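**Student:** heads up, no residue letters with this:
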Ligand code: ATP
Ligand code: MG
C-alpha cells in the first residue's frame, strides 16, 4: 500500500478526552477513530491488525474442529426471558423496538441464539458433538468505557459453543480448546504474559477459566502461583486463598487484562430451551454445553498497552498491519524511481509492505514510522542508492544496518 493513498493522517497529540494509552496511540497512528465512548471505527491500518488477530483465532479454532457460522446482532426479547437474562443482564443490554413495539436486544453474547438454533438439528446422540463459532460484534452497555478498545460498548468477540452427549466428552473438548487458546495468545505475541486463571464456575461447575494478561492498564487483579504458572481471580481468592492445583498459599498479586474466558455451562442454557437428545438406550437427556469467548479487539488494545515505547507502537510480527515499512528519503527523481522499483518487487514477491512515497521531510517519515510500529523499517535514499543498498532497522531495536539489495532479497525469502 502506498502511504500517499492512505486517507488517514497521523497526529502529534491524542485528543484531550482520550485517557487510555492504547486509544491514544491507536488514534495518533490513524488505526482507529472514536465514534463515541466505547465505540470505535477501524480504519485501514487498524482493520488489518484486527483481521490478523481474528484470522489467527479462526485458524486455531478450526484446528480443534470448530465450524464457523454467523448469528444475528438483533434478537427478540423472548429468548432472553426464557433464560432470565433479560433481568440478570439488564444493566448491559442494549434494547430497541421493532414493528408493533416488539422488543429486541442487541446481543451481548449468543447463548440465547445458538441454543435454540442447535436444537433444530439435534435429535439423537449421533448428532453430537457439535462445535460452532462466530467472530462478530457484541453490544454491552458498559458503565465505564474509558479504556479505549479494551472495553468497548460495541466490540469484537469470537464466541465458540460446544454441545455434547456426556460430561466426559465436554471435559475432553474443553481441554482441547484451552490448548488452542494458549496457541492463539502465543501467536499474537502475549503468550508469555498470559495466565490461565481459575474463576468462579457459577452453579453448574466448580471453576470457569479466564485468560489474564499481565498489564498495568488491567482492571483485574490476579493471584499468581509461580510454581504452577497459573492464577486465580478475585472471586476465587474470596473462596480459597491457595493455588487450586498445588495448594501453595504464597500467591503473587498483579494487575491483568481478561483476554478470554471459557465456561462449562453444562445444562444451564440447554434446559431452558429444552435442547435434548436420545442416547443409545433411547433415554432422553439434556445436551451438555460449554462456551468459549475471546476478545480480538481487546487483544489488539492489550498488545498496544504492553508493546510500545515513547515513540509509538511496536507490533509483534504476526499481527502487524504490514511486515515492512519502506521509506523513501531521497528527494530526486532517481531515488524515487529506485524506491518505487523496490516497492514493486516486494509486492511481486508477495511481501506485505507499506511504502511511504509521500512528499514529506525525513523527520516526519521517520517519526511516523516509529508511531505506526511496523516491524521492519527499510529506508532508501540517494546515499543508499549510490551504494546499491537499503538501510534496515527493526522497530524493536536501535541498530541500523546497510544491506546490499541482493542480500536483502535473500534475507526475507
Ligand atoms: P469483563 O469482566 O472485562 O467485563 P466479561 O467477563 O464480562 O469481561 P466475557 O463475557 O467473559 O467478558 O466475554 C468474553 C471475552 O470478550 C472477554 O474475555 C474479553 O476478552 C472480551 N470482552 C468482554 N467484554 C468486552 C468489552 N467490553 N470490550 C472488549 N472486549 C470485551
Ligand atoms: Mg469473563
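**Tutor:** All right, it came through fine. Because the structure is a prediction, the values reported are computed rather than measured. Ligands and ions are numbered 1, 2, ... in the order given.

**Student:** which residues does stretch 61-73 contact?
**Tutor:** By Cβ atoms under 8 Å, 6 or more residues apart in numbering, the list of residues contacting stretch 61-73 from outside reads 58, 106-107, 110, 113-114, 117, 130-137, 139, 158, 160, 173, 176-177, 179-180. The way it works is simple: take the backbone N, C-alpha and C, and place the C-beta from them, glycine included.

**Student:** got a ChimeraX select line for the buried ones in these?
**Tutor:** Command for ChimeraX that selects the buried part of the contacts of stretch 61-73, burial taken from 16 or more other Cβ atoms under 10 Å:
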select :58,106,107,110,113,114,117,130,131,132,133,134,135,136,139,158,160,173,177,180
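
**Student:** quick check: residues of the stretch 201-350 of the chain near ligand 1?
**Tutor:** 258-261, 293-295, 297-298 (Cβ under 6 Å from any ligand atom).

**Student:** tell me the first helix or strand C-terminal of the strand ranked longest in the chain.
**Tutor:** Secondary structure of the chain per DSSP state E: the longest strand is strand 252-266. Using DSSP states H and E, the helix or strand that follows strand 252-266 in sequence is strand 276-278.

**Student:** can I get the residues of the stretch 201-350 of the chain next to ligand 1 in CSV including pLDDT?
**Tutor:** As requested, those are exported to CSV (pLDDT from 0 to 100):
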residue, pLDDT
258, 98
259, 98
260, 98
261, 98
293, 98
294, 98
295, 98
297, 98
298, 98
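
**Student:** next, format these as a markdown table and append neighbour count.
**Tutor:** Converted to a markdown table, these look like this (neighbours: other Cβ atoms under 10 Å):
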| residue | neighbour count |
| --- | --- |
| 258 | 21 |
| 259 | 28 |
| 260 | 27 |
| 261 | 18 |
| 293 | 21 |
| 294 | 28 |
| 295 | 27 |
| 297 | 26 |
| 298 | 25 |
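
**Student:** which of those sit farthest apart?
**Tutor:** Farthest-apart pair in these is 261 and 297; separation 14.9 Å (Cβ to Cβ).

**Student:** rewinding a little: out of the contacts of stretch 61-73, list just those in helices.
**Tutor:** Residues of those located in helices (DSSP state H): 58, 113-114, 117, 173, 176-177, 179-180.

**Student:** of the residues you listed, just say which sits nearest to ligand 1.
**Tutor:** Taking Cβ to the nearest ligand atom as the measure, ligand 1 lies nearest residue 177 of the ones in helices among the contacts of stretch 61-73, at 13.2 Å.

**Student:** any idea how far residue 69 is from the closest one?
**Tutor:** According to Cβ to Cβ, to the nearest Å, residue 177 stands 17 Å off from residue 69.

**Student:** then residue 110?
**Tutor:** Distance from residue 110 to residue 69, counting by Cβ to Cβ: 10 Å.

**Student:** need the residues touching each of the two.
**Tutor:** Common neighbours of residue 110 and residue 69, counting by Cβ under 8 Å, 6+ apart, are residue 134.

**Student:** check contacts around residue 230.
**Tutor:** Residues counted as contacts of residue 230 (Cβ under 8 Å, 6+ apart) are 195-198, 224, 243-245.

**Student:** residues near residue 101, how many?
**Tutor:** 6 (other Cβ atoms under 10 Å).

**Student:** distance check, it against residue 79.
**Tutor:** Residue 101 sits 17 Å away from residue 79, going by Cβ to Cβ.

**Student:** what does residue 167 give?
**Tutor:** According to Cβ to Cβ, residue 167 stands 25 Å off from residue 79.

**Student:** out of these two, which sits in the busier spot?
**Tutor:** Each of residue 167 and residue 79 has its neighbours counted (other Cβ under 10 Å); residue 79 has more, 21 against 14.

**Student:** can you tell me the element the residue in the stretch 301-413 of the chain that ligand 1 sits nearest to falls in?
**Tutor:** Nearest to ligand 1 in the stretch 301-413 of the chain, going by Cβ to the nearest ligand atom, is residue 301, at a distance of 7.7 Å. For residue 301, the host element (DSSP H and E) is helix 296-306.

**Student:** could you look up the SS state of residue 170?
**Tutor:** Assigned by DSSP: H, G, I helix; E, B strand; the rest coil, the conformation of residue 170 is helix.

**Student:** wait, it sits on residue 288?
**Tutor:** Yes - assessed by Cβ atoms under 8 Å, residue 170 is found in contact with residue 288 at 4.6 Å.

**Student:** joint contacts of those two?
**Tutor:** Common neighbours of residue 170 and residue 288 (Cβ under 8 Å, 6+ apart) are 164, 266.

**Student:** so for these two, which residue has more residues nearby?
**Tutor:** Comparing residue 170 with residue 288 by other Cβ under 10 Å, the one with more neighbours is residue 288, at 26 against 22.

**Student:** doesn't residue 171 make contact with that one?
**Tutor:** No - between residue 288 and residue 171 there is no contact under Cβ under 8 Å: 9.2 Å.

**Student:** run through the strands of the stretch 1-150 of the chain in chain order.
**Tutor:** With strands called from DSSP state E, counting those that start in this stretch, the stretch 1-150 of the chain shows them at 32-36, 39-42, 67-68, 74-76, 94-97, 103-106, 130-139.

**Student:** ok, which of these comes nearest ligand 1?
**Tutor:** Nearest of those (Cβ to the nearest ligand atom): strand 130-139, 7.1 Å.

**Student:** helices or strands up against the closest one?
**Tutor:** helix 44-63, strand 67-68, helix 111-119, strand 154-164 (3 or more Cβ pairs under 8 Å, 6 or more residues apart in numbering; DSSP states H and E).

**Student:** on that earlier part again, nearest to residue 275, of the contacts of residue 230?
**Tutor:** residue 198 (27.7 Å).

**Student:** my read is that that closest one contacts residue 234, right?
**Tutor:** No - in this structure residue 198 lies outside contact range of residue 234 using Cβ under 8 Å: 11.1 Å.

**Student:** the more surrounded of these two?
**Tutor:** residue 198 (26 against 12).
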